[in-house]
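S.K.: With the sequence up front, the predicted model follows.
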Amino acid sequence: MFKYWNPNIERMPIEDLHKLQEDRLRSVVRFVYAHSDFYRQRFEEVGVVPEDIKELSDITKLPFTTKIDLRNTYPTGMFCLPGDWVVRYHVSSGTTGKPTVVGYTQGDVDMWTDSLARALTSIGLGRGDVIQVGYGYGLFTGGLGLHYGAEKIGATVLPIGAGNTERQIELMQDLGSTAIACTPSYFLHINEVAQKMGVSIRDDTKLKAGIFGAEPWSDETRRRIEEATGIKAYDIYGASEMSGPLFTECHLQNGIHIWADLFLIEAIDPKTGEHVEDGERGELVVTTLDKWAFPLIRYRMGDLTIVNNEPCECGRTHPRIMRILGRTDDMIIVRGINVFPSQVESVLMRIPEVGDNYQIIVDRKGPLDVMTVKVEVTESTFSDKISDLMTLSKMVGKELKNVLNITAEVELVEPGTIPRSMGKAQRVIDNRKV
Ligand code: DLL
């Protein structure tokens, strides 16, 4: 009934999967120790040699790596193979500091493609589908990643990239796109523009699935997208350091399947670095098991999630991560209280009068932090009486306070006034930074 790209691997009994991970972990540890001054030095600092890594639980003996290491070794200091092995670079700019560079051997590109072939198959796509790739092409991994994955499963790719929204809608209709891959915020914008053009995604296109990620989003946003357009909205996760987009939920939409033969994941307490209990929120840590130009050992992703090791009803035995709850570094601390943008989004998207766009602005007024949540209201709400808008604003403030435990100023704004983005949306503006 269910479709698999590689059933033997995807449904492998857990014991066999662990055995495979163990073998591969030993290999990658030996490999980085032999090929990289960076890793050898790191291992020496904590007094560990490859022979110390015998079983999976020995992974805790290995040191963590972070984005700071990547920046400090810019451009290619963490590569483990010489340049003539590298068939591709991707570069991620980030918001601060130096960019980070990732390199791929042909085998690494194939592994990445295979991971996405499994993922796209798991949401029911394949031959006969037309996949509109609306992620940026180029140095960003989203466009090319999805492109290769979609071709691999025999689907037809529409490589439009990000932007050119009216054209996206025209081609979606003319070429019969059945799936679109882009950021969820961009898809909301596409839907908005489609409505203005008099096009209903539900009735006038063949679109049935969205492959949405590269930025945080919530189940409430998923519900809105699905209700507004009639498509199924799937979460896709990945990061340039890991290759790019790699993993999605299956058609059951209950957690993102992480291919354990390719990546070994842990969840740690970001403060202590200790493993958290299964089912508890932690920072995702990734060790690559089949990636050679740029392997990662215990790389701290900075993403907070819950790991679920229960096999999925779809038959896949690999672990799942639940929706990314936020990043350790985009958590905002307002008057000493931790606020995750995802919490704000969940509250807002539950309120029907609230539109799809919002921004969180943090200022310092004197000694006090002030958080303003700027919220677009829907068209119909905007035409309501001022007194209704004031009631709405109070209600939004109260709901936010219930969840966040701090008071936020709520500013209701006209539909269409918060800037739209074609890629990752900027939801937080922190003016306190010096
Ligand atoms: O965003 C790769 C990607 C492309 C993923 C297309 C999905 C789709 P980076 O630019 O390196 O790579 O950013 C990676 O984006 O560590 C997360 O913080 C965030 N992120 C990615 N996917 C999700 C998601 C790509 N589904 C960083 N939910 C990651 C929440 C996500 N955050």
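M.R.: All right, it came through fine.
S.K.: any idea how far I406 lies from L120?
M.R.: To L120, I406 is 41 Å away according to CB to CB, to the nearest Å. Bear in mind the C-beta positions are built from the backbone N, C-alpha and C, glycine included.
S.K.: Neighbour count: these two, which is higher?
M.R.: L120 (27 against 15; other CB atoms under 10 Å).
S.K.: Buried residues of the one helix or strand the more buried one maps to, list them for me.
M.R.: Element membership of L120 [criterion: DSSP states H and E] is helix 106-122. For helix 106-122, the neighbour count (16 or more other CB atoms under 10 Å) marks 108-109, 111-122 as buried.
S.K.: got a list of what the nearest residue to H35 once chain neighbours are set aside touches?
M.R.: Once flanking residues are discounted, H35 sits nearest to C80: 4.2 Å by CB to CB, 6 or more residues apart in numbering. Contacts for C80 (CB atoms under 8 Å, 6 or more residues apart in numbering) come out as 31-32, 35-36, 39, 292-295.
S.K.: now swap in K67 and tell me
M.R.: Neighbours of K67 in contact, by CB under 8 Å, 6+ apart: 94, 100, 241, 300, 302.
S.K.: among those, which are in strands?
M.R.: Using DSSP state E, the subset of the contacts of K67 located in strands is 100, 300, 302.
S.K.: Within the helices and strands, which one has the closest residue to the ligand within the stretch 301-434 of the chain?
M.R.: Nearest residue of the stretch 301-434 of the chain to the ligand: I324, at 3.5 Å (CB to the nearest ligand atom). Assigned by DSSP H and E, I324 falls within no helix or strand.
S.K.: you'd agree it is up against P216?
M.R.: Yes. With contacts counted by CB atoms under 8 Å, I324 reaches P216, the gap being 5.8 Å.
S.K.: Name the residues contacting each of these two.
M.R.: S342.
S.K.: of the two, who's got more company?
M.R.: P216 (23 against 20).
S.K.: For the more buried one, give its distance to the ligand.
M.R.: Distance of P216 to the ligand, given as CB to the nearest ligand atom, to the nearest Å: 4 Å.
S.K.: how would you label the residue lying closest to that residue once chain neighbours are set aside: helix, strand or coil?
M.R.: Spatially, and ignoring its direct neighbours in sequence, P216 is nearest to S342 (5.2 Å; CB to CB, 6+ apart). Following DSSP: H, G, I helix; E, B strand; the rest coil, the label given to S342 is helix.
S.K.: Now for S342, how many residues are close by?
M.R.: 23.
S.K.: go on, R300?
M.R.: Other residues close to R300 by other CB under 10 Å number 21.
S.K.: what does K54 give?
M.R.: Here the number of neighbours of K54 (other CB under 10 Å) works out to 12.
S.K.: And for S346?
M.R.: 18.
S.K.: Relative to G255, how far out is it?
M.R.: Where G255 is concerned, S346 sits at a distance of 17 Å (CB to CB).
S.K.: so N405 sits right up against R335, yeah?
M.R.: No. Between N405 and R335 there is no contact under CB under 8 Å: 9.9 Å.
S.K.: which intervals of this protein have sub-threshold pLDDT?
M.R.: 1, 94-97, 433-434 (pLDDT under 70).
S.K.: In it, which strand is the longest?
M.R.: strand 354-365.
S.K.: Going by neighbour count, which residues in it are buried?
M.R.: 354-362.
S.K.: between these, which is closest to S383?
M.R.: Using CB to CB, G355 comes nearest to S383 of these, at 13.1 Å.
S.K.: hang on, the earlier thing: the residue nearest to H35: which element?
M.R.: Counting by DSSP H and E, C80 is found in no helix or strand.
S.K.: before we move on, what about V32?
M.R.: helix 14-35.
S.K.: ok, now D235?
M.R.: Counting by DSSP H and E, D235 is part of strand 232-239.
S.K.: what residues does stretch 371-387 touch?
M.R.: Residues contacting stretch 371-387 (CB under 8 Å, 6+ apart): 332, 334, 339, 344, 348, 352-363, 388-389, 392, 396, 400, 406, 408-418.
S.K.: whoops, I mixed them up, stretch 267-282
M.R.: 60, 64, 266, 283-285, 300, 304-309, 325, 328.
S.K.: Those in helices, which ones?
M.R.: Cross-referencing these against helices under DSSP state H gives no overlap.
S.K.: now these: which count as buried?
M.R.: 64, 266, 283-285, 300, 304-308, 325.
S.K.: Tell me the residues of this protein that contact the ligand?
M.R.: For the chain, the residues in contact with the ligand (CB under 6 Å from any ligand atom) are 92, 135, 141-142, 213-216, 235-240, 244-245, 301, 303, 324, 327.
S.K.: same thing but at 5 Å, please
M.R.: 92, 142, 213-214, 216, 235-240, 245, 303, 324, 327 (CB under 5 Å from any ligand atom).
S.K.: Report how many residues lie close to K3.
M.R.: Count around K3 with other CB under 10 Å applied: 15.
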